[in-house]
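Undergrad: predicted coordinates and the sequence they were generated for:
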Amino acid sequence: MKHSRLTLSAVIVASLLSTTGCIIHVGAHENDNNNHHKANKHHSSHDTVFGGIDIKENQQVKNLSSVNGGIDLADGVIAKNVETVNGGIEIGHRVSIKRASTVNGGIEAKSELTVEKDLSTVNGGIHLRANSTVGKDVSTVNGDIKLNGTSVGDELKTVNGDIILLNNSIVEGDIVYENNNKSSWWKNKESSLPTLKIDGSSQVNGRIILERKVILEIEDEALLAKVERKYEK
């Protein structure tokens, strides 16, 4: 009886170990012995609890979801909803997705990203590079937003992060710094304030709404007229 219990325990432990850290590879080479799990089904959804998801070049998939692991999209990937809880999202060149979000992790993209809807994080930054477009909002809570040659169809929103617009970036909607709801004595010290930086080639077609104090580094004086301060000075 004791032996059977030990055997059962060993099976359970082995099962947990085999699940933990499992990485889903889509489009991986069949002779890749480092893969824990290979998936070569195109146009399908993939999800995992323990481990990440790795989509190889030029693959077309549906929804991707991970709880404890990052998601990597190589060049030319087409996907729908890309979501993770504890992990970042790394995106290659010429990728097209519907939306992407993460709770504890950032979103880092190379050039020519196309997003139909939104990009969002809670604890992590968002960095988009040349010739990228986002159809709706880009938002964070605790993380920086950096746009380099990127067009956003609606709002940029954050609470505790820098926002940087460079190289002909365009925001069609508002830039919003939301209220951080803190009453700590240090919250308004300059060293703790986020920075909004907009270079002379970039533009904001909506308003710049500040619900908290922010350091402004805006090269185009015309954009300063769009600043609306909605906090107690």
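TA: Thanks, I have it.

Undergrad: around Glu112, how many other residues sit close by?
TA: Around Glu112 there are 18 other residues, counting by other C-beta atoms under 10 Å. C-beta: built from backbone N, CA, C; applies to glycine.

Undergrad: before we move on, what about Val171?
TA: Around Val171 there are 25 other residues, counting by other C-beta under 10 Å.

Undergrad: quick one: contacts for it?
TA: Residues near Val171 by C-beta atoms under 8 Å, 6 or more residues apart in numbering: 147, 152, 155-156, 165, 203-206.

Undergrad: quick check: it vs Gly70, distance?
TA: In this view, Val171 and Gly70 are 27 Å apart by C-beta to C-beta, to the nearest Å.

Undergrad: what's the answer for Ile24, then?
TA: Distance from Ile24 to Gly70, counting by C-beta to C-beta: 12 Å.

Undergrad: so what sits against both of the two?
TA: Contacts common to Ile24 and Gly70, judged by C-beta under 8 Å, 6+ apart, are 52-53.

Undergrad: if you count surrounding residues, which of the two has more?
TA: Ile24 (22 against 19).

Undergrad: my guess is the more buried one contacts Ile53. True?
TA: Yes: contact criterion C-beta atoms under 8 Å: Ile24 and Ile53 qualify, at 4.7 Å.

Undergrad: now for the two: what residues contact both?
TA: Common neighbours of Ile24 and Ile53, using C-beta under 8 Å, 6+ apart, are His46.

Undergrad: which residues touch the spatially most central residue of the chain?
TA: In the chain, the C-alpha nearest the mean C-alpha coordinate belongs to Ile107, at 2.9 Å (C-alpha atoms, centre = their mean). Contact partners of Ile107, counting by C-beta under 8 Å, 6+ apart, are 88-89, 91, 100, 119, 121, 124-127.
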